[in-house]
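Student: need a structure here:
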Amino acid sequence: METKHTIYTGAAQQMSKVADNSVELVVTSPPYPMIEMWDNIFGAQNSDTVVALQENRADVAFELMHAELDRVWDEVARVLVPGGIACINIGDATRTINGNFALYSNHSRIISHFISHGFVNLPNIIWRKQTNAPNKFMGSGMLPAGAYVTLEHEWILIFRKGGKREFKTSEDKQRRRESSFFWEERNVWFSDLWDNIKGTKQKISADSRDRSAAYPLEIPYRLINMYSLQGDTVLDPFLGTGTTTLAAIMSNRNSIGYEIDDKFIEIIADNIQSSSVAEMNDVIDRRITAHKRFVSERMQSKEIKHYNEHLDMPVMTSQETDMRFVYLSSISGDKHNFTAEYAATAPVCMKIKLGNRKQPASVPAGTQIALTF
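Tutor: Modelled structure (predicted):
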């Protein structure tokens with residue numbers, strides 16, 4: 001059992017190395033239009049954006065920025081399989097231009113584009129971020145008609161390419177059953193409000209910018225398990241620090257990433273470097289432990305009728321009885337191509353090889369390894 005992970009440098013407006021109808025899921029967080037830290041990125045792709053901002057034509061700049069994202073969404077439409085899902089984490093923006101403070105609704109602009117291009121907008125998720133201070137406000141404080149609501153949430157937009165994805169072969173049907181999730185996880189993951197996920201560290205050391213704008217690993221991990229099968233391919237056209245790649249590795253999915261800033265390739269490698277195989281597998285163990293706790297408490301008052309032989313534990317529904325986990329056993333490759341190998345049980349030891357330098361000997365699981373390149 002193995003998965004492949006490829007990282008390309010370049011603008012995602014032309015993902016020519018990704019074939020038509022070859023990706024089952026897109027999970028990404030693009031640059032947010034009208035957020036000042038992204039002005040240079042959008043300006044480099046269309047100089048008219050810079051002119052519009054200099055001339056205080058806010059609505060024109062907003063539309064020009066989204067026009068660049070539209071080109072990426074058109075590529076997403078090309079590479080997704082029929083019934084494939086696109087999950088887009090985006091925040092709205094507030095900005096004062098020429099003395100006028102206004103909201104720029106990025107999420108509604110993206111929804112409009114996807115719907116007009118034949119996608120189905122499924123129920124979206126509001127991610128209420130816990131990093132903002134509760135006393136933060138904008139405007140004139142306690143004086144009425146001059147203060148503004150603080151944005152403390154972002155959107156996770158969910159789109160489907162056409163009708164429901166079909167699983168016609170017996171192999172795909174079985175793979176779908178093995179990729180199921182726990183009943184109690186479903187109740188949390190498929191809520192339209194995610195308020196239990198904290199933001200992630202933003203400071204980075206890159207010449208191009210000093211903030212990563214990365215989302216927490218929990219977000220792509222949930223989305224990948226919610227909307228894809230083990231063995232599927234996940235695409236992130238705005239890879240950034242590689243969070244989606246890590247989540248795909250942990251979830252037994254293949255992945256493809258595009259990153260326009262070649263300086264981030266080292267950062268992506270560092271992220272893999274700082275996460276040991278044991279730490280990645282611990283996510284599975286925590287899920288199993290949480291389920292054991294749940295069913296133990298549940299069985300004190302109610303009977304649980306179903307059982308998963310693979311996991312050797314009760315489950316709430318018949319759809320969970322074929323559910324399987326595989327454990328990461330090794331990662332090998334260079335900065336642009338990685339292979340992750342898996343086993344049915346947690347490995348006793350692990351070997352990691354990145355670049356030309358190899359780990360000389362097996363290391364007991366649970367030991368932190370500093371990866372080298």
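
Student: and the residue nearest the centre of the chain, what is it in contact with?
Tutor: For the chain, Pro220 is the residue whose C-alpha lies nearest the centre (Cα atoms, centre = their mean; 2.8 Å). Residues in contact with Pro220 (Cβ atoms under 8 Å, 6 or more residues apart in numbering) are Val27, Asp236, Thr243, Thr244, Ala247, Ala248. For glycine as for every other residue, the C-beta is placed from the backbone atoms N, C-alpha and C.

Student: mind doing that once more with 7 Å?
Tutor: Pro220 is in contact with Val27, Thr243, Thr244, Ala247, counting by Cβ atoms under 7 Å, 6 or more residues apart in numbering.

Student: can you tell me the element it falls in?
Tutor: Assigned by DSSP states H and E, Pro220 falls within helix 218-227.

Student: name the next helix or strand downstream of that helix, please.
Tutor: strand 233-236.

Student: residues in contact with whichever helix or strand comes after that next one?
Tutor: Using DSSP H and E, the helix or strand that directly follows strand 233-236 along the chain is helix 243-250. The set of residues external to helix 243-250 that reach it, using Cβ under 7 Å, 6+ apart, is 3, 5, 27-28, 214-215, 217, 220-221, 224, 234, 236, 239, 254-255, 257, 268, 271-272, 275, 280, 283, 328, 331, 340.

Student: who are the contact partners of the residue of the chain most remote from its centre?
Tutor: Seen from the C-alpha centroid of the chain, the residue lying at the greatest distance (Cα atoms, centre = their mean) is Leu143, 40.0 Å away. By Cβ under 7 Å, 6+ apart, Leu143 lies in contact with nothing.

Student: name the SS class of Gln319, please.
Tutor: With DSSP: H, G, I helix; E, B strand; the rest coil as the basis, the three-state label of Gln319 is helix.

Student: count the neighbours of it for me.
Tutor: 15 (other Cβ atoms under 10 Å).

Student: for the residue farthest from the centre of the chain, give its distance to Gly99.
Tutor: Leu143 sits 18 Å away from Gly99, taking Cβ to Cβ, to the nearest Å as the criterion.

Student: and what of Tyr148?
Tutor: 14 Å.

Student: comparing the two, which residue is more hemmed in?
Tutor: Between Tyr148 and Gly99, Tyr148 has the larger neighbour count (other Cβ under 10 Å), namely 13 against 6.
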